[in-house]
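**Q** okay, here's the prediction I keep looking at, along with the sequence it came from:
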Amino acid sequence: MFFGQKIHPLNFDTADTLTVAGDRIELSGPGVRLWVECADVFEGCLRLRFENAAVTDPRQHSDAVLPEWREGRPVAARLNAETAAFATAVGRVELGAARLWLELAGFTLETVAEGIGGCGEALLLNFAIEAVDGCYGFGERTKRLNKLGDSADCLTVDVVSVFRHTYARDDYDPSYVAIPFAILKKGERFLGLFFDNPGWAVMDAGKARPGEFGYQSLGGNTDVYALAGPSLPEVTRRYAALTGRGPLPPLWALGYHQCRWGYQYEAEFLELAAQFAAVDVPVSALWYDIDYMDEYRLFTWDRVDFPDPAALNRDLKAVGIRAVTIIDPGVKREPGYAVYDSGREDKAFCQTVSGREYVGKVWPGDTVFPDFTLESVRDWWAGWLADFLRAGAVDGVWLDMNDPATGHSRTEEMRFQHGAIPHDRYHNQYAHFMAMASRAACDRLDPDGRPFLLTRSACAGTQRYSAVWTGDNASNWRHLRMALPCSLNLSLSGVAFNGPDVGGFMDDANAELLVRWHQACGLFPFFRDHSIRHSRPQEPWQFGPEPLAAMRGAIRTRYHLLPYLYQCFFAHWRDGDPVIRPLLYHYSGPEYVDLDDQYLLGDALLVAPVLHGEGQGPEIVRAGVKMQERPVRLPPGWWFDLNRGDWVEGGRVMMYAAALDELPLFARDGAVLPYYAGPLQNSFMDLYAVELHLFCRERPARFDYFLDDRESRRYQFDDYGIARIMAEADGERLRVEIAETSDYPRDTVTFMPVLYGCPATRELELTVNGRTVTRLLQTSQREWLCREWAVRA
Ligand code: GLC
């Protein structure tokens, strides 16, 4: 089968008889027998389990859903005439022999006639979506945010090797990540559908047949989870509750990361650290790509190029720079190499159907692959990885080639659990189980710490173990533009901690592209500059002083806003809201349905980056400075323009001109942006004193600030507090009230208010936990983000 090909709906058999079979309903007809079970999972989430008699292995091999939700409470059916009706706590389902109808939080969805079918092991569910006006999620995808009219293969692939000649375009599919989750929008109402089947599946949102949403799984059984809205945040939160919310990362992982395939020697790393210091750009981590290894042998260092990696990494850490190493799954097949020998002895590697070790061809040549689906192998791996991280003083783990990439060797012969389970049951989950095993290694090193892992491939639920980057993109404007919808849809699909290779991986960047990329993604959850070997180097200083200054501005802005970003991660962990969001997450109206060239960080900051270069779009020259123009859609209400220092009224589209060093950035009226104003020294950041940048023109500003130790896992056991912040500018007086709730120790953070855009306000009345002081506001200093117009307390 080629990518994008589907089984024609007319090749499916549909049932004509519906009968009750215990807790299940049986749908049968010539050529097809399906059983359907309906279960209540949690409030707003119900499951329809579709079992197909033709499926040879009926077990659910997916690890997507959290264990506590896997059982569900079966709902008994009421049979009337030819349908079975289920009334669940949250909605209603009606099932006919070849037809399904459901209603959840006011969203109704129905299959087309003969919309349920079987073709061998394959299952078809075909829904009528004429009234649907938007479709989102789908995991990591190219093209636009709204997937209506598009289709997606759910199969993880090593994109560049599969799309060797077309990787630089913006329309390849599938990608490295397979998440069969779709969010349908009908007017103001949303509904989520998660198709839990780990095998190859296709979702078609009206591309093959306009007006129909077709889901086809090619093998195995499928659990369909319906997630209620009515709003988009409700659907997103429910999906995150079902598959797991991302744990809090360490603060350093939210800083700027520098990577390149080609950093080869110890001296280069020291030189990089010195360069960052010399150009006054903070950096929180330097990354080791495959060249650090001894001939690509896992868990080794090339001791000629890196004589003492632990000492090097400790030296870097002493100046606030963490070390992250790439870890591929493939083990060099070389008798005498300790990792291979021990894995062979433990039967840790995937096998062919007859029990031979499955062999692929990756960087080390002939390569074998740990079978991470086995707990014993995860333990084996965790042991090796933990030893490696400890011995080399490595802080973070970069999981690559886990799609899995097997080079010229077909992947299908790779089987799991000693050859017993065919490839397709775990193909899409290979990276997931690798991430699980790798996180376990970090847990061994520091059971109370917060590991940082990044993976290329992922499936539903992988966010519990690792952040995701969107793989090998290219240094061109199309891929910069695509980075926004791609990361936004991935964010809506449960993976809040994600981002692209900034600057583009393949091909050469240029100064303007690199600057705009740093600005556009400088407020993304994950922020790493990465490029392929032999391409034009793209560290921030490579293109001269003007681009460097612009990138410095973007990177420093991120560091200043790290307290806000961290709060967004905290909110994600607690509630499931993504860190970056399409505008449609908070604003309704047809104008937001396709809007994907601007985004929100949290709910308060609107980012509208310039996504075209000189000569490619509207531009003007103002006071001798060349500026690129773009339309910015501001939702209703007042917005504070953080470049110009003015309030602008929203509810309209404005043309915005931005010089090379400007990122169009707007704070919403009523916003509080927690801000770090201390010195920027790489990952060193003391958040005991935090400024509260306040935007309260017509609306009082409010924010719930989570207080925790930012280091341990104690937050997971409710060991955190909340500071409820309220601020109001009332003529001459700014009133700020901060009240810490819960048993968490008081006053662990000192908050300092900074007021924007209220020139008449001169006095501050600050109440912290019931104690009030009144004093005059002082004029602040100028910063890239907050210029003279801010008044500092
Ligand atoms: C893969 C990764 C890329 C990495 C390269 C070499 O292409 O996606 O990020 O630099 O392998 O390890």
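**A** The structure has been received and is ready for your questions.
**Q** rest of the way, CA atoms for contacts and neighbours
**A** Will do.
**Q** in which helix or strand does Pro674 reside?
**A** strand 671-675 (DSSP states H and E).
**Q** next, the one residue in the stretch 51-200 of the chain that gets nearest to the ligand: phi, psi?
**A** Residue nearest to the ligand within the stretch 51-200 of the chain (C-alpha to the nearest ligand atom): Val160, separated by 7.6 Å. In terms of degrees, to the nearest 10, the main-chain angles of Val160 are phi -70, psi -30.
**Q** show me what counts as buried in the strand holding Pro674.
**A** Residues Ala671, Val672, Leu673, Pro674, Tyr675 are the ones in strand 671-675 that count as buried (16 or more other C-alpha atoms under 10 Å).
**Q** among the residues you listed, which pair sits farthest apart?
**A** Pairwise distances across those (C-alpha to C-alpha) peak at 12.3 Å, for the pair Ala671 and Tyr675.
**Q** export only the CA atoms of stretch 748-759, formatted as CSV.
**A** Taking Å, rounded to 0.1, in the frame of the first residue of the first chain, the C-alpha atoms of stretch 748-759 are listed here in CSV:
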residue,chain,number,x,y,z
THR,A,748,8.4,32.0,48.8
VAL,A,749,8.3,34.4,45.9
THR,A,750,8.4,38.2,46.0
PHE,A,751,6.2,39.8,43.4
MET,A,752,6.9,43.3,42.0
PRO,A,753,4.2,44.9,39.9
VAL,A,754,5.1,46.7,36.7
LEU,A,755,2.3,48.6,35.0
TYR,A,756,1.9,49.2,31.3
GLY,A,757,0.1,51.8,29.4
CYS,A,758,-1.6,53.8,32.2
PRO,A,759,0.3,57.1,32.3
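**Q** how about the contacts made by Val362?
**A** Going by C-alpha atoms under 8 Å, 6 or more residues apart in numbering, Val362 touches Gly330, Ala405, Thr406, Gly407.
**Q** residues near the last one, how many?
**A** Pointing back at Gly407 there. Applying other C-alpha atoms under 10 Å, we find 18 residues neighbouring Gly407.
**Q** name the nearest residue to it, ignoring sequence neighbours.
**A** Counting by C-alpha to C-alpha, 6 or more residues apart in numbering, Gly407 lies nearest to Lys361, which is 4.9 Å off, once chain neighbours are set aside.
**Q** work out for me the element that neighbour sits within.
**A** Judged by DSSP H and E, Lys361 forms part of strand 360-362.
**Q** now do His572
**A** Using DSSP H and E, the element containing His572 is helix 562-575.
**Q** now that helix against strand 671-675, angle please.
**A** Helix 562-575 and strand 671-675 are oriented at 120 degrees to each other (axes from the mean of the first three to the mean of the last three C-alpha atoms, to 10 degrees).
**Q** any idea how far Ile722 is from Glu268?
**A** Using C-alpha to C-alpha, to the nearest Å, Ile722 is found at 44 Å from Glu268.
**Q** need phi/psi at Thr748.
**A** phi -80, psi -20.
**Q** count of neighbours near the closest residue in space to Gln598 that isn't next to it in sequence?
**A** Using C-alpha to C-alpha, 6+ apart and skipping the chain neighbours, the partner closest in space to Gln598 is Ala608 (4.4 Å). If you count neighbours by other C-alpha under 10 Å, Ala608 ends up with 23.
**Q** okay, Ala608: pLDDT?
**A** What the model reports for Ala608 is a pLDDT of 98.
**Q** burial of the closest residue to the residue of the stretch 51-200 of the chain closest to the ligand other than its chain neighbours, as a residue count?
**A** Distance criterion C-alpha to C-alpha, 6+ apart; nearest residue to Val160, sequence neighbours excluded, is Tyr167 at 5.7 Å. Neighbour count of Tyr167, defined by other C-alpha under 10 Å: 19.
**Q** could you number the chain from 436 rather than 1 from now on?
**A** Sounds good: first residue 436 from here, last item Tyr602.
**Q** ok but Tyr602 is inside a helix, no?
**A** No. Assignment of Tyr602 by DSSP: H, G, I helix; E, B strand; the rest coil gives coil, placing it outside any helix.
**Q** Val594 is in contact with that one, correct?
**A** Yes. Tyr602 is in contact with Val594 according to C-alpha atoms under 8 Å; the separation is 7.0 Å.
**Q** on that earlier part again, out of the buried residues of strand 1106-1110, which is nearest to the ligand?
**A** Each of the buried residues of strand 1106-1110 was scored against the ligand by C-alpha to the nearest ligand atom, and Tyr1110 proved nearest at 31.7 Å.
**Q** remind me what whichever helix in the chain runs longest packs against, helices and strands.
**A** Identified as the longest helix of the chain according to DSSP state H is helix 810-827. Contact partners of helix 810-827 among helices and strands, from 3 or more C-alpha pairs under 8 Å, 6 or more residues apart in numbering; DSSP states H and E: helix 744-753, helix 865-880.
**Q** helices and strands around the following helix or strand past the last one, which ones?
**A** Translated: helix 865-880. The helix or strand immediately downstream of helix 865-880 is strand 887-890, counting by DSSP H and E. Helices and strands touching strand 887-890, by 3+ C-alpha pairs under 8 Å, 6+ apart, are strand 831-834, helix 865-880, strand 902-904.
**Q** for those, could you give me CSV that also reports distance to the ligand?
**A** Below are the helices and strands packed on strand 887-890 laid out as CSV (distance: least, C-alpha to the nearest ligand atom, whole Å):
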stretch, distance to the ligand
strand 831-834, 9
helix 865-880, 13
strand 902-904, 9
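**Q** next, format the ones you listed as JSON lines and append mean neighbour count, distance to Gly934 and mean pLDDT.
**A** Output for these, formatted as JSON lines (neighbours: other C-alpha atoms under 10 Å; distance: least, C-alpha to C-alpha, whole Å; pLDDT from 0 to 100):
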{"stretch": "strand 831-834", "mean neighbour count": "23", "distance to Gly934": "14", "mean pLDDT": "98"}
{"stretch": "helix 865-880", "mean neighbour count": "24", "distance to Gly934": "17", "mean pLDDT": "98"}
{"stretch": "strand 902-904", "mean neighbour count": "27", "distance to Gly934": "5", "mean pLDDT": "99"}
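**Q** now the protein, which segments are flagged as low pLDDT?
**A** Counting by pLDDT under 70, the chain has low-confidence residues at 436, 1214-1228.
**Q** show residues contacting the helix or strand just after the helix holding His1007.
**A** Of the helices and strands lying after helix 997-1010 in sequence (DSSP H and E), the nearest is strand 1015-1016. Contacting residues not belonging to strand 1015-1016 are listed as Leu923, Ser926, Leu927, Ala931, Phe959, Pro960, Tyr1034, Leu1035, Leu1036, Gly1037 [C-alpha under 8 Å, 6+ apart].
**Q** cheers, nothing more for now.
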